[in-house]
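**Q** With the sequence up front, the predicted model follows.
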Amino acid sequence: MRGSCAVLLWLALFAASAQAHDARPLVIEIVETQPLLYRVEWKAPHSLPRNNVPRVLLPASCEMRSATFEIDRGDAWGRRFAARCREELAGHTIEVSFPSFNPAISTLLRLRWRSGERVSKLLDPSQTAWTIPASETASSVARDYARLGIAHIWRGPDHLLFLACLTAIAGTGRRILITISGFTIAHSITLIAAALGAVRVAVPPVEAAIALSILLLATEIVAGRRDTLTWKHPIAVSSSFGLLHGLGFAAALREIGLPQTELWTGLLFFNIGVEIGQIAFVAAAAILLAVLKSGVQRLTSSTALLASPGRAVVGYVVGGVSAYLFIDRFVAFFPLSSAP
């Protein structure tokens with residue numbers, strides 16, 4: 001329990017200084033609208049400072065054909081312009097540069113030809129150039145989308161807080177395995193359904209509800225009543241909220257976009273990446289729990305006296321952070337009316 005508390009406290013402090021999903025990559029989309037005429041648009045999370053606007057450098061055979069103008073889509077901002085090239089882009093290199101500093105975010109480049117075929121590439125923060133291939137392969141899509149899934153779960157503190165709460169409540173290894181399995185199955189269902197367009201839900205209410213789900217679990221941790229549904233049957237809670245979190249994963253995947261020629265590969269391996277990141281975190285939390293529990297037992301024979309205050313403190317901290325996230329996200333889609 002104390003190990004889970006330590007993980008919860010670290011995540012709560014981390015989440016207090018970062019908005020969830022604000023670690024999304026810089027997305028650069030290039031669309032061939034006419035032969036050798038391209039629309040270039042990039043979108044970045046609002047965490048990227050306006051004084052560090054990235055530049056998308058096309059090959060030397062291309063020249064700008066329209067003025068650049070700014071776009072703002074609520075959760076991201078960016079710019080758009082048109083360019084005409086004397087040669088096909090396949091085989092040529094596109095570069096990204098920042099005037100002030102490298103903000104250490106990944107870059108997702110997508111190119112859509114007039115035929116409808118798409119190619120994409122995920123660049124690490126240290127990479128600034130991409131040579132466009134003739135077409136994308138299943139192996140490259142699998143690798144890139146698995147990495148995106150891992151990055152999403154590890155850089156989204158709200159999902160990690162939720163997993164840590166589930167781990168703290170489940171307690172034992174078998175209950176943790178069953179509880180996390182329920183969460184996995186449930187969020188996989190809604191992730192696939194929403195990513196394919198079978199379910200359409202507005203993103204802001206979903207993110208607000210995710211924050212509320214963490215707040216409810218934090219309340220259960222503070223109360224410490226072992227006779228509630230959450231404590232007695234954590235898989236029921238993890239499965240129910242897993243459906244909700246799957247919609248959050250799908251929102252991030254829609255922002256990134258799915259490859260057209262390897263759609264099922266991208267969808268499958270994004271989900272696999274999420275699971276890899278999730279399993280790695282839960283395993284690390286379980287190991288930390290075992291190590292700290294062993295250390296406490298060497299110091300005192302009464303672990304309950306130490307565990308209860310620690311659990312309450314962490315529960316209040318996590319609850320406070322999740323309450324802040326809920327209010328912030330709620331206001332985003334249901335703003336308070338101003339006085340006349």
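**A** Sure thing, it's come through.
**Q** Could I get the full set of helices for the stretch 201-340 of the chain?
**A** Using DSSP state H, counting those that start in this stretch, the helices found in the stretch 201-340 of the chain span residues 203-223, 229-232, 234-256, 263-299, 303-333.
**Q** nearest to Ser100, of those?
**A** The closest of the helices of the stretch 201-340 of the chain to Ser100 is helix 234-256. By C-beta to C-beta, the value is 24.7 Å. The C-beta positions use only the backbone N, C-alpha and C, and glycine is treated the same way.
**Q** Can you point out the buried residues in that closest one?
**A** Counting neighbours by 16 or more other C-beta atoms under 10 Å, one finds that the buried residues in helix 234-256 are 234-235, 237-239, 241-253, 255-256.
**Q** which helices and strands sit right next to the helix or strand harbouring Val56?
**A** Remark: Val56 resides in strand 55-57, with elements defined by DSSP states H and E. Packing contacts for strand 55-57, counted by 3 or more C-beta pairs under 8 Å, 6 or more residues apart in numbering; DSSP states H and E, involve strand 93-97.
**Q** sorry, back to before: to Arg110, which of the helices of the stretch 201-340 of the chain lies closest?
**A** Using C-beta to C-beta, the nearest of these to Arg110 is helix 234-256, at 8.6 Å.
**Q** List the residues that contact the closest residue to His46 other than its chain neighbours.
**A** Nearest non-adjacent residue to His46, counting by C-beta to C-beta, 6 or more residues apart in numbering: Trp77, 6.3 Å away. By C-beta atoms under 8 Å, 6 or more residues apart in numbering, the contact list for Trp77 reads Lys43, Ala44, His46, Glu70, Ile71.
**Q** Can I get the buried part of those as one ChimeraX selection?
**A** Here is the ChimeraX command that selects the buried residues among the contacts of Trp77 (16+ other C-beta under 10 Å):
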select :43,44
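**Q** what ranges do the strands span in the stretch 1-150 of the chain?
**A** 26-34, 37-45, 55-57, 62-64, 69-72, 76-85, 93-97, 107-112, 118-123, 129-131 (DSSP state E, counting those that start in this stretch).
**Q** Tabulate the contacts of Trp77 (JSON lines), appending pLDDT.
**A** Converted to JSON lines, the contacts of Trp77 look like this (pLDDT from 0 to 100):
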{"residue": "Lys43", "pLDDT": "88"}
{"residue": "Ala44", "pLDDT": "86"}
{"residue": "His46", "pLDDT": "75"}
{"residue": "Glu70", "pLDDT": "81"}
{"residue": "Ile71", "pLDDT": "77"}
